[in-house]
Each structure stands twice: as C-alpha cells, then as structure tokens.
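Colleague: pasted the sequence and its predicted model underneath.
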Amino acid sequence: MRRTTAGLALIVSGVLLTGCGGGDDGGAEGKSAPSASGSEEPGGGAGGGGAGEGGEVVREVTLEVQGTGKTQIAYAADGNRTEQVTLPWKKTVELSLTKAEQEVGVLVSVVPGSVPGDDGMLRPAPCTITVDGEKVDDNQDGKDVLGCKHKVK
C-alpha cells in the first residue's frame, strides 16, 4: 500500500509540475493518441468553437475516470487540483485559448488513483480526455500508469 501511495504521489507531483511548465514541445509524449498529432487546428475541428475577439477560440474539454468506489485523482484543466472522488467521475470545462495558446497548446491531464481490477490487484482507473466531442487520449483501460494528457490547441 505504501508503494501505491508513494507512486501516486510521484505521478501527481509530475503532472502538477508538467502543468505548470510551458517548455514541452509535444513531440515526446511517449504514447500514440488518436488525435494527439494536433488535428484540432485553431478555429476548425469537429464542433470547434469559433474565433472570438482577439482571435480566441473556445474548446470544450471533458475529463473522465471510470470505475467504482472512491479514489483520489489529480487533474489539470481549469487549474491544478487533487480530489477524493466517487467513481465514475466526469468534469467538463470550456477553455478560451488565445492565439499564442492555440500555437503552443494548453496541457490538460488527469491522473486517476488505483481501483481493484478483476483479479483483485490494484491498478489505475481507466481515464479519457475528450476535446470538442472527439476522444483525444485514454490510458488503455488503466494500463498506462501515467494517466491521460493532451495539448489542446
């Protein structure tokens, strides 16, 4: 149990530090997500928000964690937060992206806590990130211990 707690603390710290930084070029994410290549172009995309004043674009971002029971999650979407939640859990936010943010992207992420698997062993809860109705990342039903992350452009 200590290893699980220490591992979760390490992952949460990494996510929070990554969310605060801005130097990630997006090319070293280490996993292939369906739209991680950036098919969400500014002002376009499936159901993407239109350009507002100053060239801003609004994106609807949904973070989800599946499973049953209670667990702790860390997420970054409209700020960095850690919460004890009852599963399944879902959070939808609207992000207004400036022209600069559309160029470099804004990192959103969710790191789910552990839940018992079918074999009784603890494993990360399944998570997904959806942008404007299109799934852009998942943790392969809990197989990726790093959770879910995506740069919204």
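Modeller: Thanks, I have the structure now.

Colleague: so for the host helix or strand of Gln102, what's the average pLDDT?
Modeller: Here Gln102 sits within helix 99-104, counting by DSSP states H and E. Helix 99-104 shows a mean pLDDT of 95.

Colleague: what's across from Gly69 in the sheet?
Modeller: Judged by DSSP bridges, the bridge partners of Gly69 are Leu87.

Colleague: and for Lys99, the neighbour number?
Modeller: When neighbours are counted by other CB atoms under 10 Å, Lys99 registers 12. For every residue, glycine as well, the C-beta is placed using N, CA and C.

Colleague: one more: Arg81?
Modeller: Using other CB under 10 Å, Arg81 has 12 other residues around it.

Colleague: over to Glu60?
Modeller: When neighbours are counted by other CB under 10 Å, Glu60 registers 16.

Colleague: same question for Ser96.
Modeller: 13.

Colleague: so it, which state does it fall into?
Modeller: The three-state label given to Ser96 by DSSP: H, G, I helix; E, B strand; the rest coil is strand.

Colleague: report the separation between it and Ala77.
Modeller: Distance, Ser96 to Ala77, by CB to CB, to the nearest Å: 13 Å.

Colleague: can you map out the helices along the chain?
Modeller: For the chain, helices defined by DSSP state H occupy the ranges 2-20, 99-104.

Colleague: lowest mean pLDDT across these, which one is that?
Modeller: Among the helices of the chain, helix 2-20 carries the lowest mean pLDDT, a mean of 48.

Colleague: let me know whether Ala76 touches Leu95 as I believe.
Modeller: No. Contact criterion CB atoms under 8 Å: Ala76 and Leu95 do not qualify, at 11.2 Å.

Colleague: quickly list what's touching both of these two.
Modeller: Common neighbours of Ala76 and Leu95, using CB atoms under 8 Å, 6 or more residues apart in numbering, are Val108.

Colleague: contacting residues around the closest residue to Thr92 other than its chain neighbours?
Modeller: Residue nearest to Thr92 in three dimensions, not counting chain neighbours: Thr62, with 4.5 Å by CB to CB, 6 or more residues apart in numbering. By CB under 8 Å, 6+ apart, the residues touching Thr62 are 90-92, 129-131.
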